[in-house]
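Peer 1: here's a sequence, model it:
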Amino acid sequence: ELKKAAQLRDVHVSVALMEEFLHYARSNTARGIESCGILAGKLLAGDSTFAINTLIIPKQQGTTDTVQALNEEEIFEAQFERELYPMGWIHTHPTQTCFLSSVDVHTQCGYQTMLDEAVAIVMAPSDRSKRCGLFRLSTPGGLTLVQKCPLRGFHTHPPTDTGQELYELCGHVFLNPRTKHEVLDLR
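Peer 2: Okay, the predicted model is just below:
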């Protein structure tokens with residue numbers, strides 16, 4: 001039986017943040033290498049809405065089909081000093097379509113286990129049909145399945161016990177041009 005998921009709080013993010021991320025990623029993108037950024041934000045008045053107001057560009061190591069943030073303690077320190085929630089991550093698929101790979105769902109699992117509203121943004125500049133996707137693991141199905149998965153690297157996941165897709169488009173994230181942001185480049 002599928003339990004009703006708790007109501008997710010709204011998350012606001014600006015298109016300008018995503019475009020600025022592509023600017024930071026452009027040299028890697030031109031070489032077909034993935035790049036990543038960490039999304040951080042604040043809970044607004046009334047505790048009903050998050051605003052992603054900070055894009056953290058960490059030291060990172062990318063390949064044609066993976067990217068990994070390095071020196072995670074620097075990321076945590078930057079969030080802690082600014083009293084920010086870890087809201088998820090953004091990364092490029094420079095030569096692929098817009099989706100979450102099996103490696104990506106494991107990365108998203110870490111963020112979404114900490115905060116159910118966490119989002120994975122994929123920027124796929126060469127995908128003519130969908131250049132940007134805002135995703136989350138389905139709950140409870142996808143999140144539970146990935147939390148229990150012992151595998152690493154690229155692999156297939158079985159269907160969820162709930163019949164839900166492994167991940168889904170975010171219905172709780174809104175593109176808000178009034179959401180201001182800053183960029184912290186830790187590279």
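Peer 1: centre-most residue in the protein?
Peer 2: Nearest to the geometric centre of the chain sits residue 120, at 2.1 Å (CA atoms, centre = their mean).
Peer 1: that one contacts residue 104, correct?
Peer 2: Yes: here residue 120 reaches residue 104: they are 6.4 Å apart, a contact under CB atoms under 8 Å. To be clear about C-beta, it is placed using only N, CA and C from the backbone, and glycine gets the same treatment.
Peer 1: okay, buried residues for the top helix by length along the chain please.
Peer 2: Using DSSP state H to assign secondary structure, the helix with the most residues in the chain is helix 15-30. Across helix 15-30, burial judged by 16 or more other CB atoms under 10 Å covers 17-18, 20-22, 24-25, 28-29.
Peer 1: contacts only, for residue 82.
Peer 2: 40, 54 (CB atoms under 8 Å, 6 or more residues apart in numbering).
Peer 1: what's the pLDDT at it?
Peer 2: As predicted, residue 82 sits at a pLDDT of 97.
Peer 1: try residue 7
Peer 2: 88.
Peer 1: okay, it and residue 48: tell me how far apart.
Peer 2: Distance, residue 7 to residue 48, by CB to CB, to the nearest Å: 9 Å.
Peer 1: in this protein, which spans are strands?
Peer 2: 10-13, 36-43, 49-57, 60-62, 67-69, 85-92, 119-123, 132-137, 167-169, 173-175, 182-185 (DSSP state E).
Peer 1: please tabulate these in CSV, including the columns distance to residue 157 and mean pLDDT.
Peer 2: Below are those laid out as CSV (distance: least, CB to CB, whole Å; pLDDT from 0 to 100):
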stretch, distance to residue 157, mean pLDDT
strand 10-13, 25, 96
strand 36-43, 21, 97
strand 49-57, 27, 97
strand 60-62, 23, 97
strand 67-69, 20, 96
strand 85-92, 19, 98
strand 119-123, 15, 98
strand 132-137, 11, 98
strand 167-169, 10, 97
strand 173-175, 23, 96
strand 182-185, 33, 97
